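A.B. asks: I need the structure of the sequence given here:
(one chain, ligands or ions: 1)
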Amino acid sequence: MTNTQVTADPALSFEHISQVYGGSGGVERFVALEDVSFEVPEGQFIAIVGASGCGKTTLLNMAAGLAEPTNGTVLVSNKPPRSPNYDLGYMFARDSLLPWRTARKNVALPLEARKVSAAERKKRADEMLALVGLAGKEKQFPAQLSQGMRQRVAIARTLVSDPEMLLMDEPFAALDARTRLRMQAEFLKIWEKDVDAEGRTRRTVFLVTHDLQEATVMADRVIVMLPSPGRIATDLLVDLPRPRAHLVDEIIFTERFREIQHELFEQLEGAVASSADAP
Ligand SMILES: Nc1ncnc2c1ncn2[C@@H]1O[C@H](COP(=O)(O)OP(=O)(O)OP(=O)(O)O)[C@@H](O)[C@H]1O
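C.D. replies: As a prediction, this is how the structure comes out:
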């Protein structure tokens, strides 16, 4: 089940990436990433899991054009990453909504940067809010919404500009377990519906998470990383049915789900054990 898929035209590619901090001026040398290579085909949902400090966010920042590797090449749609890149959508743990803006105006924010007209912004923001089940809440401020609702506003904002790729860093980490599972299902419902003429999902997703269940429930493929130095331990295809948004509550109790969790957990545990053994 190890994934060795290489496509002619990947949405995202990391080639022999290393990231080294310090090593001069008395600052101790620290290898954050060592020879990390993988490609993400267009439309794939990939999750990166691993212990704290193994370089997950650094990889995401490289894709966003916010960090440059010490060595190696990162390509986004076959081009060097750039920032800002309006073809990318971002989602983080904290919903990062602006408290002084209504739900509608928060969702419309990425469209302002693109100079979309006010009327069109309102129309598209309201459509997205309806899609995430928040019709009628357009004029509410974040403080007037529940945490789950605020996260839905954040999903709507991420998708409103129709980005080709989504970069998500612990997007549901701030939610309680029940709400998290519901938001994962709601996100999948929208993402799985968004297909091309051949029925393939259109949008590539790069998800960084600590949560093995979240990775397995949502992704097509999971990469487990080891820390010190950050490197790939395993690369696993998740052969659970798609679409699975409507199955999320059942899938987590299936035998196959448990097997995948077990395999990922063993890799992660191995990582923890090997770093504990290190001098
Ligand atoms: N500017 C920097 N200078 C020195 N070390 C850094 C710098 N940025 C990141 N690091 C180190 O690089 C390693 C990887 O960081 P990164 O944030 O990518 O890890 P992560 O896997 O996302 O961790 P977490 O799950 O805790 O968010 C960490 O050990 C971090 O301390």
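A.B. asks: So the residue nearest to Gly53 when sequence neighbours are not counted versus Ala154, what's the distance?
C.D. replies: In space, and not counting its chain neighbours, Gly53 is closest to Pro227: 5.2 Å by C-beta to C-beta, 6 or more residues apart in numbering. Using the backbone N, CA and C atoms, a C-beta is placed for each residue, glycine as well. As judged by C-beta to C-beta, to the nearest Å, Pro227 and Ala154 stand 28 Å apart.
A.B. asks: before we move on, back to that, quick check, the residue nearest to Gly53 in contact with Val49.
C.D. replies: No - with contact defined as C-beta atoms under 8 Å, Pro227 does not reach Val49; the gap is 11.9 Å.
A.B. asks: Show me which residues of the chain are close to the ligand?
C.D. replies: Residues of the chain lying close to the ligand (C-beta under 6 Å from any ligand atom) are 21, 30, 32, 50, 52-58, 230.
A.B. asks: which of the residues you listed sit farthest apart?
C.D. replies: Using C-beta to C-beta, the residues of the chain next to the ligand span at most 17.8 Å, a distance reached by Tyr21 and Gly50.
A.B. asks: The two: which is more packed in?
C.D. replies: A direct count of neighbours by other C-beta atoms under 10 Å for Tyr21 and Gly50 places Gly50 higher, at 23 against 12.
A.B. asks: residue ranges with poor pLDDT in the stretch 51-200 of the chain?
C.D. replies: Low-confidence segments of the stretch 51-200 of the chain, defined by pLDDT under 70, span residues 95.
A.B. asks: try 80 this time
C.D. replies: 93-95, 174 (pLDDT under 80).
A.B. asks: in the chain, which residue is closest to the centre?
C.D. replies: Leu207 (2.2 Å; C-alpha atoms, centre = their mean).
A.B. asks: Next up, the contacts around it.
C.D. replies: If a contact means C-beta atoms under 8 Å, 6 or more residues apart in numbering, then Leu207 has 45-48, 168, 171, 214-215, 218-219 as its contacts.
A.B. asks: Check which strands are paired with the helix or strand harbouring it and give the direction for each one.
C.D. replies: In this assignment (DSSP states H and E), Leu207 forms part of strand 204-209. According to DSSP bridges, strand 204-209 forms sheet pairs with strand 45-50 (parallel), strand 165-169 (parallel).
A.B. asks: Most tightly packed of those?
C.D. replies: Most buried of those by mean neighbour count (mean count of other C-beta atoms under 10 Å) is strand 45-50; its value is a mean of 25.
A.B. asks: Give me the distance from that strand to the chain's centre.
C.D. replies: 7 Å (C-alpha atoms, centre = their mean, to the nearest Å).
A.B. asks: Kindly report the same for stretch 188-205.
C.D. replies: On C-alpha atoms, centre = their mean, the centre of stretch 188-205 falls 15 Å from that of its chain.
A.B. asks: ok, now which ones touch the closest residue to Ser77 other than its chain neighbours?
C.D. replies: Leaving aside its sequence neighbours, Ser77 sits nearest to Ala11 (C-beta to C-beta, 6+ apart; 6.1 Å). Contact analysis of Ala11 by C-beta under 8 Å, 6+ apart lists 40-44, 76-77, 164-165, 204.
A.B. asks: which one of these sits closest to Lys193?
C.D. replies: Closest approach to Lys193 among these (C-beta to C-beta): Gly43, at 12.9 Å.
A.B. asks: Compute the number of surrounding residues for the closest residue to the closest one other than its chain neighbours.
C.D. replies: In space, and not counting its chain neighbours, Gly43 is closest to Thr201: 4.4 Å by C-beta to C-beta, 6+ apart. Neighbour count for Thr201, taken as other C-beta under 10 Å: 19.
A.B. asks: ok, now which ones touch Thr201?
C.D. replies: Per C-beta under 8 Å, 6+ apart, neighbours of Thr201: 43-45, 191-192, 194-195.
A.B. asks: Please repeat the previous calculation with a cut-off of 7 Å.
C.D. replies: 43, 191-192, 194-195 (C-beta atoms under 7 Å, 6 or more residues apart in numbering).
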